[in-house]
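>>> coordinates for the following, if possible.
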Amino acid sequence: MSCSYADGLSPYDNKGVLGLEEKYESSETLRLKCGLLADWIQGARHVVVHTGAGISTAAGIPDFRGPNGVWTLEQKGLKPEKGVSFDDAIPTKTHMSLKRLIECQKIKFIVSQNIDGLHLRSGVSRQYLAELHGNMFVEQCDKCGRQFIRHFATTSVGKKCLDTVCRSEQIGGRPCRGRMHDTILDWEHNLPDNDLALSDLHSSVADLSICLGTTLQIIPSGNLPLYTKKYGGRLVICNLQPTKHDKKADLVINGNVEEIITNVMKKLGLEIPEYSTDFDPTRNSDLSSADLDWTIPSSRIKEMKVLYKKVCKPTKRNRKTFMYERERECEKPAKARKKSLPIKKEEMIKVKEESPMDSSDIKQEVVDNEGDII
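Numbers count the residues shown, from 1 in each chain. Here you go, the predicted structure:
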């Protein structure tokens, strides 16, 4: 579980802000905001989801910075209760919903900070997933760099050598005779190059980034969703605790991630599939060695670089403005921006009229050039 993982990390003092108060939307506000998020997913071209420890708490795996998080309790001199082991945990409704959304091509990519392997075990393919901090069910060769899925969670942390040899020969590769090590990062380790490259590219290309169950405090992972804003996209944050990027988001939903995703799936008219060991490569013994290869193909990065050059054209814009506003601001003379107060209000009226929601249901914030809320 996450506390055993935390115990294996090197000592480190700066673990971010811990134990922030959790906030809950009213049931009606939650319903309306989830409906708006579903509409944005439906109309988006390229959706990227950024996931944190908050999506795995329903599986019995504690988070780190919540009121009862591993590091929050550690700060108070307390020990967390023993939760479910990584081997016994199963994917939650959120994990299974994300798998379904990828199958329906509603989501293009998942960027995860989690090391619990639940995205992998839900059946999400490697081409749709970046694991920035490693995976307890994945080992990597110290020579050829290939990654392979394990049938049980590793007990080591920090890229330590395991008692296994590289399996590249079993999938038609050259016998490199390398030794395998775990993929779990310690504090001093750099993020894996290929996972980070795909995360950068997808986050930049995305016109909608959704953050689920993360306070976005770890750098650089926590700043990746801002790439979407940089290139003109929307940012949605779904978390019980406030995050450092809430003021930059187009929509913030304070609530339980499981409840949020259930509402969104209902609005999209999609059923949440049940977890099955048939799609879990750590439990399916009928898979071949090739099926257990978890290496990111270099061709995926090349494809995304081509798409990035086609799609990403930075535009000058004010922070915290909606896409509709940016399009009209590009047409205005530069001097007119200083007198944009009445124009902003008119544009907000237009946005509310075009929204499928009643304009009185959700309060949107408009910010002028000086950063003051109107």
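>>> which parts of stretch 76-94 are buried?
80, 83-84, 86, 89-94 (16 or more other C-beta atoms under 10 Å). (Glycine included, C-beta is placed from N, CA and C.)
>>> the helix or strand harbouring residue 31 packs against which elements?
Per DSSP states H and E, residue 31 falls inside helix 27-43. Helix 27-43 sits against strand 208-212, strand 234-238, strand 251-253, helix 257-268, with contacts defined as 3 or more C-beta pairs under 8 Å, 6 or more residues apart in numbering; DSSP states H and E.
>>> using PDB, write down the CA coordinates of it.
Taking C-alpha atoms only, helix 27-43 is exported to PDB below (Å, rounded to 0.1, in the frame of the first residue of the first chain):
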ATOM      1  CA  SER A  27     -25.700  18.000  -4.800                       C
ATOM      2  CA  GLU A  28     -27.400  20.400  -7.200                       C
ATOM      3  CA  THR A  29     -24.200  22.400  -8.000                       C
ATOM      4  CA  LEU A  30     -22.300  19.100  -8.400                       C
ATOM      5  CA  ARG A  31     -24.900  17.800 -10.900                       C
ATOM      6  CA  LEU A  32     -24.800  21.000 -12.900                       C
ATOM      7  CA  LYS A  33     -21.000  21.300 -13.000                       C
ATOM      8  CA  CYS A  34     -20.700  17.600 -14.000                       C
ATOM      9  CA  GLY A  35     -23.200  18.200 -16.800                       C
ATOM     10  CA  LEU A  36     -21.100  21.100 -18.000                       C
ATOM     11  CA  LEU A  37     -18.000  19.000 -17.900                       C
ATOM     12  CA  ALA A  38     -19.800  16.200 -19.900                       C
ATOM     13  CA  ASP A  39     -20.700  18.800 -22.500                       C
ATOM     14  CA  TRP A  40     -17.200  20.000 -22.800                       C
ATOM     15  CA  ILE A  41     -15.900  16.400 -23.200                       C
ATOM     16  CA  GLN A  42     -18.500  15.800 -25.800                       C
ATOM     17  CA  GLY A  43     -17.400  18.800 -27.800                       C
END
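>>> by how many degrees do it and strand 234-238 diverge?
140 degrees (axes from the mean of the first three to the mean of the last three C-alpha atoms, to 10 degrees).
>>> tell me the strands beside the helix or strand following helix 27-43, with direction?
Once the chain leaves helix 27-43, the next helix or strand it forms, by DSSP H and E, is strand 47-51. Under the criterion DSSP bridges, strand 47-51 sits next to strand 109-112 (parallel), strand 208-212 (parallel) in its sheet.
>>> including mean pLDDT and distance to residue 290, could the ones you listed go into CSV?
Shown next, in CSV, are the strands paired with strand 47-51 (pLDDT from 0 to 100; distance: least, C-beta to C-beta, whole Å):
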stretch, mean pLDDT, distance to residue 290
strand 109-112, 99, 23
strand 208-212, 98, 31
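>>> right, and the ones you listed - which one's nearest residue 124?
strand 109-112 (6.6 Å; C-beta to C-beta).
>>> which residues are contacting the helix or strand that that closest one is followed by?
Remark: after strand 109-112, the chain's next helix or strand is helix 118-122, criterion DSSP H and E. Here helix 118-122 makes contact (C-beta atoms under 8 Å, 6 or more residues apart in numbering) with 51, 56, 59, 89-92, 95-96, 98-99, 110, 112, 129, 131, 135, 137-138, 149, 275, 279-283, 294.
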